[in-house]
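Novice: predicted model and sequence follow; I will ask about them next.
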Amino acid sequence: MDFEDVYKTYFDPVYRYMLRLSGSSDIAEDITCETFFKALKSINGFKGECGLLTWLCRIAENCYFSYMKKRGRTVSMEDVESGGLLKECGQSVESEVIDRDDARRIKSALHTLPDTYKEVFMWRVFAGMSFAEIGALFGKTANWACVTYHRARKMTAERMEGIK
């Protein structure tokens, strides 16, 4: 397996996934680079039990969660000053807090979904993948991915009602 081809093929989808997850192009770039560095070191251990993109995104998720753990999951003044909290479009701090609360509730609801629904939802929302791409990841059709996504969305919305 030529790692340069892997990098060229999968860098953009992994980066987009991290950008959606982190909300920061700098963090997404750092995490994506770290992901490919770790993947390069362990590519011989890839057994093909899942798709290569799935494997890379799992590494990226682990890198991101490690980053967040080291960071203490807090918002720094640097984030506030750089516009992380105060959106240029004029969104208020109160709106941002509500958005973050919604994000927390969505995340909690997602973790209660069966893995397939959770993964399809995350690929669509956080990685911005098409239904055809998601279907291909699972060896299924685009229609299957679309139906699964909409079911996951419905289950998430229903479960969010119970999370305060």
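Specialist: Looks like it arrived, so ask away.
Novice: so, low pLDDT: which residues of the protein?
Specialist: By pLDDT under 70, the weakly predicted segments of the chain are 1, 73-103, 162-164.
Novice: that one: helices as residue ranges?
Specialist: 3-22, 25-42, 52-71, 77-81, 93-110, 115-125, 131-138, 142-160 (DSSP state H).
Novice: domain ranges for the chain?
Specialist: 1-74, 87-164 (automatic domain parsing).
Novice: export those domains to TSV and tack on mean neighbour count?
Specialist: Every C-beta, even on glycine, is put in place using the N, C-alpha and C of the backbone. Shown next, in TSV, are those (neighbours: other C-beta atoms under 10 Å):
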stretch	mean neighbour count
domain 1-74	15
domain 87-164	15
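Novice: and the nearest residue to His111 once chain neighbours are set aside, what does it touch?
Specialist: Counting by C-beta to C-beta, 6 or more residues apart in numbering, Lys118 is the residue found nearest to His111 once chain neighbours are left out, at 7.3 Å. The contact partners of Lys118, taken as C-beta atoms under 8 Å, 6 or more residues apart in numbering, are Leu110, His111, Ala152.
Novice: give me the distance between Lys118 and Leu110.
Specialist: To Leu110, Lys118 is 5 Å away according to C-beta to C-beta, to the nearest Å.
Novice: next one: Phe37
Specialist: The gap separating Phe37 from Leu110 is 28 Å, by C-beta to C-beta.
Novice: ok, Thr32 next?
Specialist: 22 Å.
Novice: same check on Arg71?
Specialist: According to C-beta to C-beta, Arg71 stands 21 Å off from Leu110.
Novice: for Phe121, same thing?
Specialist: 6 Å.
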